[in-house]
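Enquirer: Give me coordinates for this.
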Amino acid sequence: MANPYEVAHARSLSDPSGFWGEIAQQIDWVKPWDKVLDDSNPPFYRWFRDAECNTCYNAVDRHVKNGRGDQPAIIYDSPMTGGTQQTFTYSQLLDEVSRFAGVLRANGVGKGDRVIIYMPMIPQAPIAMLAVARLGAIHSVVFGGFAAAELATRIDDSKPKAIVAASCGLEPGRTIQYKPLLDNAVNLSKHKPDACIIWQRPEALADLSNPGDVDWAEAAKTAEPAECVTVAATDPLYILYTSGTTGVPKGIVRDNGGHMVALNYTMKAIYDVQPGDVYWAASDVGWVVGHSYIVYGPLLHGCTTLIYEGKPVGTPDAGAFWRVIADHKVKVLFTAPTALRAIKRDDAEAKLMQQYDMSSLKALYLAGERTDPDTLEWAQKILGKPVVDHWWQTETGWSIAANCLGLHAFPVKPGSPTKAAPGWDVQVLADDGHPVGAGTIGSICCKLPLPPGSLPTLWNADARYKEAYLDEFPGFYKTGDAGFIDEEGYVYVMSRTDDIINVAGHRLSTGAMEEVLSAHPDVAECAVMGVADQLKGQMPLGLLVLKAGVTRDHAEIVKEVVKMVRDQIGPVAAFKTATVVDRLPKTRSGKILRGTMQKIADNEEYKMPATIDDPSILDEIEAALEDIGYAKSRT
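Expert: Numbers count the residues shown, from 1 in each chain. Now for the predicted structure:
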């Protein structure tokens, strides 16, 4: 007999309109749709045609109206400010959001206008997002502290009516003043916003002397609260920029209606949480995880969401996450594997966890970087709770593949995010576009139409949307990831397609090699990339970060991992070279910058990634690569 997952997945593909139409009843609509799936203009599919709604109403107002006003909506926890903790009930959130929407309206923001939000992890970030949505405007959140030139490109592309920012952001050991970066970005951009609305933080007050500068708190004192503005379900809710290969960022568009339907559904189906549960996505509002699962998903579902301003280690130690779970009775934690690897590196025995009551935690979800089996098994061992690797992208807005605990818990297979989520028709294609057999590596693609909540297009760039995602495999969305599907339907995402390296004609996955390296008992995390080789085209090169306290000879560890790859993948892997480094360069969301390291190793020109967490790491990597015969000579 089919389990609930199989029933849901099969129906979502055979009868998408019936499947999503029923689920959409859980959302409050101003006007119902005349058609669930508008397929009249492929490949530009639209969900809930002619329906009208408001996202902020569904995330805030309706919970107050339905008796949840006194329930916590947002908990703010900031070890960066000496341990600040603050709770906003749904009623308090409604007051803050409607009042700030009034501030935006007084500064000229109306339906369809864009507002850039440039904020750290403080409650005012989701308040600003919801206030923009309340007015039927479109927000574009840019990671707080982003470089001025990168912010300027986003200003010129989205043409915001206003920019909302905080005076500063806090990092361990430093304060980053945002206003000078913002002023510089506005000076660099051709488009000039009408207003810059600033939340003043006591750690560093901003100079608000420019024309158009507005003090958020002062303006809110006299602002007339704004009501929700009705929009079409197909109108944009937000633009989220993701780095483009040309250096010009791609503006991922998310609509209002389909986004609400999908995210609300995932809270129960995938994460198995109920209204009132405390849900914590340890990400940042600047990333898609922050949009989907710090702000919209939990609040649409009536959960309590956590805004955490801190790091997984060092604020104050590797027990930081466990303390937050215990303090706030977190039911589900969603974080990146890189955060777990950082905790594991500092506290491999999880001794710090023993100080805290972890009984509220029911499951841990991982995404953002591929979860290597060693990290997964370590987390399962220390937590004794389900650990779910799930796979999705900025473009998709929610999981392509997951172990949907709210439908049916499948056995975990390390290295796999389990099966395609309902709504997703995932197939593995050869270069010629034909499906490959079970267990064969190819390009992972999703058959069109994509489910609600995924991108309908790019901001003002329909042709680029088709070129980037649809043209290579007609009728499919190209994920850009390589992998395979096994005989039981489990999806394995091995690496980005450009991380499949060609060694003497053999297509090899760097992800498979990283799995082997990370299983070494002394290795905390690792990266493998393909570097140029005159004889074989490319050869794999490994970088190893060791666990805290490891004092063994590095050459011995390298010998051991080389042998492990030879034993487990075979001589065809041609894995012969690795070196130990102190740390790996990553984006602020935790993705390892393999492509940048490859360019350094091959002595190619590269652009400093806009999202890099600490640029100084690249000098360390260059020196380490030079020591083993790669990278340019340092002078």
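
Enquirer: Which strands and helices lie in contact with the lengthiest helix in the chain?
Expert: Longest helix of the chain, by residue count under DSSP state H: helix 90-106. Contacts defined by 3 or more Cβ pairs under 8 Å, 6 or more residues apart in numbering; DSSP states H and E place helix 90-106 against helix 62-65, strand 72-78, helix 124-134, helix 216-222. Glycine gets a C-beta too; all of them are placed from N, C-alpha and C.

Enquirer: How far off centre is that helix?
Expert: Centre-to-centre, helix 90-106 and its host chain are 27 Å apart (Cα atoms, centre = their mean, to the nearest Å).

Enquirer: So for that helix, mean pLDDT?
Expert: Average pLDDT, helix 90-106: 98.

Enquirer: Paired strands for the next helix or strand after it, with orientation please.
Expert: Counting by DSSP states H and E, the next helix or strand C-terminal to helix 90-106 is strand 114-119. In the sheet, strand 114-119 lines up against strand 138-143 (parallel), strand 162-166 (parallel) (DSSP bridges).

Enquirer: Could you point out which of those sits nearest Met513?
Expert: strand 138-143 (30.5 Å; Cβ to Cβ).

Enquirer: would you put the C-alpha positions of the very next helix or strand once past that closest one in PDB?
Expert: Next helix or strand after strand 138-143 toward the C-terminus (DSSP H and E): helix 148-158. C-alpha atoms of helix 148-158 as PDB (Å, rounded to 0.1, in the frame of the first residue of the first chain):
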ATOM      1  CA  ALA A 148      29.400  49.100  -2.200                       C
ATOM      2  CA  ALA A 149      30.100  48.200  -5.900                       C
ATOM      3  CA  GLU A 150      27.900  45.000  -5.600                       C
ATOM      4  CA  LEU A 151      25.200  46.900  -3.900                       C
ATOM      5  CA  ALA A 152      25.300  49.600  -6.600                       C
ATOM      6  CA  THR A 153      24.700  47.000  -9.400                       C
ATOM      7  CA  ARG A 154      21.600  45.800  -7.500                       C
ATOM      8  CA  ILE A 155      20.400  49.400  -7.100                       C
ATOM      9  CA  ASP A 156      20.700  50.000 -10.800                       C
ATOM     10  CA  ASP A 157      19.000  46.800 -11.800                       C
ATOM     11  CA  SER A 158      16.000  47.000  -9.400                       C
END
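
Enquirer: what angle do helix 148-158 and strand 162-166 make?
Expert: In terms of direction (axes from the mean of the first three to the mean of the last three Cα atoms, to 10 degrees), helix 148-158 departs from strand 162-166 by 150 degrees.

Enquirer: helices or strands next to helix 148-158 in the packing?
Expert: Where contact means 3+ Cβ pairs under 8 Å, 6+ apart, helix 148-158 is packed against strand 114-119, strand 138-143, helix 178-188, strand 236-242.

Enquirer: and the longest one, what does it pack onto?
Expert: Just to be clear, that refers to helix 178-188. On a contact count with 3+ Cβ pairs under 8 Å, 6+ apart, helix 178-188 meets helix 148-158, strand 162-166, strand 168-171, strand 195-199.

Enquirer: Pick the most buried one from the ones you listed.
Expert: strand 162-166 (a mean of 27; mean count of other Cβ atoms under 10 Å).

Enquirer: coming back round to it: could you export the longest helix of the chain as PDB, CA atoms only?
Expert: The C-alpha coordinates for helix 90-106 follow below in PDB (Å, rounded to 0.1, in the frame of the first residue of the first chain):
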ATOM      1  CA  TYR A  90       2.000  38.200  16.500                       C
ATOM      2  CA  SER A  91       0.100  41.300  17.800                       C
ATOM      3  CA  GLN A  92       3.300  43.200  18.400                       C
ATOM      4  CA  LEU A  93       4.600  42.200  15.000                       C
ATOM      5  CA  LEU A  94       1.400  43.400  13.400                       C
ATOM      6  CA  ASP A  95       1.900  46.800  15.100                       C
ATOM      7  CA  GLU A  96       5.500  47.100  14.100                       C
ATOM      8  CA  VAL A  97       5.000  46.000  10.500                       C
ATOM      9  CA  SER A  98       1.900  48.200   9.900                       C
ATOM     10  CA  ARG A  99       3.600  51.200  11.400                       C
ATOM     11  CA  PHE A 100       6.800  50.800   9.400                       C
ATOM     12  CA  ALA A 101       4.700  50.200   6.300                       C
ATOM     13  CA  GLY A 102       3.300  53.700   7.100                       C
ATOM     14  CA  VAL A 103       6.800  55.000   7.200                       C
ATOM     15  CA  LEU A 104       7.500  53.500   3.700                       C
ATOM     16  CA  ARG A 105       4.200  54.900   2.400                       C
ATOM     17  CA  ALA A 106       5.000  58.400   3.700                       C
END
